[in-house]
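Novice: Fold the stuff below for me.
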Amino acid sequence: MAPEQGYLILQLHAHLPYVRHPEFEGFLEESWFFEAVTECYLPLLDAFDRLERDGVDFHVSMSITPPLCEMLCDGHLRDRYLRHLRGIVRLAELETHRTAADPEMNKTARFYQELFQRLRFLYEEQYGADLVGQFRRLQDHGLLEIVTCGATHGFLPLMDHPSAARAQIRVARANYEKHFHRPPRGIWLPECAYSPGLDEMLRDEGIEFFFSDAHGILYGEPRPKFGIFAPVRTPAGVSIFGRDMESGKQVWSAREGYPGDPVYREFYRDLGYDGDYEYIRPFLNGDGIRKDTGIKYHRVTGDVALGKKQLYDHDAANELVAHHAGNFMHNRQAQARHLYGVMRQKPVIVSPYDAELFGHWWFEGPKFLEMLLRKLHHDQNEIQTITPSAYLALSTPIQTITPSASSWGDKGYFEVWLNGSNDWIYKHLHEAERRMSQLAQLHVNGLRARAAAQAARELVLAQSSDWAFIMTMATMSSYAVKRTLEHIHHFNTLYQQILTDHVDVGYLEDLESHNSIFPEIDAAVYR
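Specialist: Numbers count the residues shown, from 1 in each chain. The predicted structure is shown next:
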């Protein structure tokens with residue numbers, strides 16, 4: 001049934017940088033992956049499964065980036081994640097005994113015990129550790145549309161050699177086909193970063209649409225007739241969906257949005273830092289450095305010091321989630337009603353978010369999404385969730401414009417990824433891009449072809465926009481610098497070995513084992 005007033009595209013961007021360190025017994029940065037699986041990806045799948053089981057007609061768009069797909073399918077990381085999951089189940093069991101004398105904390109401890117036991121059952125038994133397969137199933141059932149991204153989330157406009165940006169798109173397309181058994185129709189440009197000419201590359205690789213921050217469309221030429229509330233088309237024929245800031249801020253803003261409500265769980269208070277060190281030590285990495293465990297007993301409370309946060313009540317938070325889901329739906333109904341009256345055609349409201357917001361940063365986020373999709377299905381008929389491909393299939397006339405160069409992030413024009421903290425990386429990346437293009441012309445075979453493929457892996461790993469972002473944010477900067485320098489060094493070493501026809505087999509095999517992303521990659525993608 002067609003909606004009366006308009007459409008809503010919920011776009012979740014699921015991405016993590018490729019972090020895999022089999023050379024260490026435990027590695028702190030691998031916790032990024034473990035936390036995201038436990039707090040975001042498993043709860044989202046669980047919510048989507050409940051919606052499908054209950055006959056809720058929902059449609060969500062989701063980008064699952066190639067590095068994340070590779071990590072979710074990696075045997076080493078699967079084993080380590082299962083060990084991590086069993087550990088937090090054990091810790092939650094211990095917490096039910098430790099907090100027995102405090103009924104309020106004990107109630108929360110028992111909640112965590114049940115939650116982690118369920119997540120372990122889902123991961124081990126119901127999903128067989130194959131989360132990519134579960135997302136693929138939801139896409140095959142017509143509930144999700146999964147779009148791709150750059151191969152390693154590389155910041156495409158800052159790549160100096162055209163072959164480098166094109167290779168990021170080509171590798172991403174091939175990786176998508178490997179995991180989802182079909183070609184991608186859309187792409188989430190890394191950091192929503194667009195510059196002229198990228199649309200032609202996307203068209204050449206069969207990509208039909210991408211997403212842009214609002215100003216990329218609003219400052220296009222000619223000005224878009226319907227602003228960001230209808231897709232536009234580039235001169236190359238690729239469609240663009242523009243980000244709606246109003247619906248975005250309600251969800252992602254900690255101060256103005258729902259996640260900052262005093263009742264919700266406080267992200268920054270965790271047992272890993274609050275607990276007695278000797279008690280918590282067995283659940284830390286081998287280095288013994290304190291870290292988050294996922295067991296958090298406090299709520300946001302308000303603008304008070306962490307030490308003064310009040311205890312969390314999961315039941316109260318669940319009640320508030322239902323209220324906020326209804327409020328979000330009401331606001332979108334009013335927004336669509338107003339826009340329809342102005343536009344005289346049904347608007348499409350595009351609400352993109354980092355997927356990790358739901359569950360990791362905002363613990364109640366997956367429940368919010370589930371409640372919202374239930375309410376949209378059962379309680380109204382003014383707006384309808386839709387995927388980008390389904391909207392384009394409606395054949396609504398689309399205006400052609402030349403979009404503006406843009407990104408999301410501070411100021412919206414690349415500055416987060418090019419500033420005084422990280423500008424030094426680009427002279428090395430640009431030279432590596434030139435050299436990789438040179439290697440691609442050699443038509444090597446045998447050991448040199450393997451080395452050239454590994455050189456391509458090292459280059460795309462060095463290009464990850466996550467490293468420049470981390471340097472700007474000054475969080476774990478030393479790790480981001482280390483990763484960038486290591487991949488550039490590995491690339492240059494392989495480059496010299498290939499040119500001189502003296503490939504060190506042991507060195508190559510070590511890199512192939514450690515940096516094993518994209519086993520299907522071929523240096524020819526840089527031709």
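Novice: Next up, phi/psi of Pro519, please.
Specialist: phi -60, psi -20 (degrees, to the nearest 10).
Novice: If you tally nearby residues, what's the number for it?
Specialist: Pro519 has 11 neighbours, counted by other C-beta atoms under 10 Å. Quick note: C-beta positions are derived from backbone N, CA and C, even for glycine.
Novice: Now do it against Lys178, distance only.
Specialist: 9 Å (C-beta to C-beta, to the nearest Å).
Novice: And for Tyr273?
Specialist: For Tyr273 relative to Lys178 (C-beta to C-beta), the value is 40 Å.
Novice: Now do the lowest-mean-pLDDT helix or strand in the chain: which elements does it pack against?
Specialist: Using mean pLDDT, DSSP states H and E, the weakest-scoring helix or strand in the chain turns out to be helix 245-252, at a mean of 88. Judged by 3 or more C-beta pairs under 8 Å, 6 or more residues apart in numbering; DSSP states H and E, the packing partners of helix 245-252 are helix 314-343, strand 348-354.
Novice: for the stretch 251-400 of the chain, what spans make up the strands?
Specialist: With strands called from DSSP state E, counting those that start in this stretch, the stretch 251-400 of the chain shows them at 348-354, 383-385, 399-400.
Novice: which residues sit against stretch 168-176?
Specialist: 66, 69-70, 146, 148-152, 154, 156, 159, 183-184, 187, 201-202, 205-207, 456, 460, 463, 518, 520-521, 525 (C-beta atoms under 8 Å, 6 or more residues apart in numbering).
Novice: Now for the residue nearest to Asp130 when sequence neighbours are not counted: which residues touch it?
Specialist: Computed as C-beta to C-beta, 6 or more residues apart in numbering, the closest residue to Asp130 that is not its neighbour in sequence is Cys73, at 7.7 Å. The neighbours of Cys73, taking C-beta under 8 Å, 6+ apart as the test, are 130, 132, 179.
Novice: Can you give me the domain boundaries for this protein?
Specialist: 6-71+130-254+346-410, 418-526 (automatic domain parsing).
Novice: which one of these has the most crowded surroundings?
Specialist: Across these, the average number of neighbours (mean count of other C-beta atoms under 10 Å) peaks for domain 6-71+130-254+346-410, which reaches a mean of 20.
Novice: As a check, name the ranges of all helices in the stretch 101-250 of the chain.
Specialist: In the stretch 101-250 of the chain, the helices defined using DSSP state H, counting those that start in this stretch lie at 103-121, 131-140, 162-180, 198-204, 214-218, 245-252.
Novice: export those helices to TSV and tack on distance to Asn318?
Specialist: Compiled in TSV, those are given as follows (distance: least, C-beta to C-beta, whole Å):
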stretch	distance to Asn318
helix 103-121	10
helix 131-140	24
helix 162-180	33
helix 198-204	42
helix 214-218	33
helix 245-252	17
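Novice: what separates the longest strand along the chain from the chain centre, distance-wise?
Specialist: What stands out as the longest strand in the chain, according to DSSP state E, is strand 6-14. Counting by C-alpha atoms, centre = their mean, to the nearest Å, strand 6-14 is centred 14 Å from the centre of its parent chain.
Novice: Within the sheet, what are the partner strands of that strand, with directions?
Specialist: In the sheet, strand 6-14 lines up against strand 60-64 (parallel), strand 348-354 (parallel), strand 383-385 (parallel) (DSSP bridges).
Novice: JSON lines for those strands, including mean pLDDT and distance to Arg435?
Specialist: JSON lines is the format used below for the strands paired with strand 6-14 (pLDDT from 0 to 100; distance: least, C-beta to C-beta, whole Å):
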{"stretch": "strand 60-64", "mean pLDDT": "98", "distance to Arg435": "30"}
{"stretch": "strand 348-354", "mean pLDDT": "97", "distance to Arg435": "33"}
{"stretch": "strand 383-385", "mean pLDDT": "97", "distance to Arg435": "46"}
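Novice: quick one: low-confidence ranges for the stretch 151-300 of the chain?
Specialist: By pLDDT under 70, the stretch 151-300 of the chain has no low-scoring segment.
Novice: switch to 90 and redo it
Specialist: For the stretch 151-300 of the chain, the stretches flagged by pLDDT under 90 are 248-256, 284-289.
Novice: Save the domains of the chain as JSON lines, and put in distance to Arg269 too.
Specialist: Below are those laid out as JSON lines (distance: least, C-beta to C-beta, whole Å):
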{"stretch": "domain 6-71+130-254+346-410", "distance to Arg269": "12"}
{"stretch": "domain 418-526", "distance to Arg269": "18"}
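Novice: Out of these, the one nearest Arg120 is which?
Specialist: domain 6-71+130-254+346-410 (9.4 Å; C-beta to C-beta).
Novice: Span of that closest one from start to end?
Specialist: For domain 6-71+130-254+346-410, the first-to-last residue distance is 30 Å (C-alpha to C-alpha, to the nearest Å).
Novice: what do you get for stretch 201-216?
Specialist: End-to-end for stretch 201-216, by C-alpha to C-alpha: 18 Å.
Novice: what's downstream of the longest strand of the chain, the next helix or strand?
Specialist: For strand 6-14, the following helix or strand on the C-terminal side (DSSP states H and E) is helix 30-36.
Novice: list the helices and strands that next one packs on?
Specialist: Helix 30-36 packs on helix 75-98, going by 3+ C-beta pairs under 8 Å, 6+ apart.
Novice: now do 6 Å
Specialist: For helix 30-36, there is no helix or strand it packs on, judged by 3 or more C-beta pairs under 6 Å, 6 or more residues apart in numbering; DSSP states H and E.
Novice: Show me the contact partners of that helix.
Specialist: 16, 19, 71, 81, 84, 291, 356, 360 (C-beta atoms under 6 Å, 6 or more residues apart in numbering).
Novice: before we move on, what about stretch 270-279?
Specialist: Counting by C-beta under 6 Å, 6+ apart, 290-293, 295-296 sit against stretch 270-279.
Novice: For that stretch, buried residues please.
Specialist: 270-272, 274-275 (16 or more other C-beta atoms under 10 Å).
Novice: In helices, which of these appear?
Specialist: 271-272, 274 (DSSP state H).
Novice: ok, so of the residues you listed, who is nearest Gln117?
Specialist: Of these, the one sitting nearest to Gln117 (C-beta to C-beta) turns out to be Leu271, at 17.2 Å.
Novice: Relative to Thr99, how far out is that closest one?
Specialist: Leu271 is 10 Å from Thr99, by C-beta to C-beta.
Novice: same check, this time on Leu459
Specialist: Using C-beta to C-beta, one obtains 50 Å as the distance from Leu459 to Thr99.
Novice: chain center to the least confident helix or strand of the chain: distance?
Specialist: Computed by C-alpha atoms, centre = their mean, the chain-centroid distance of helix 245-252 equals 17 Å.
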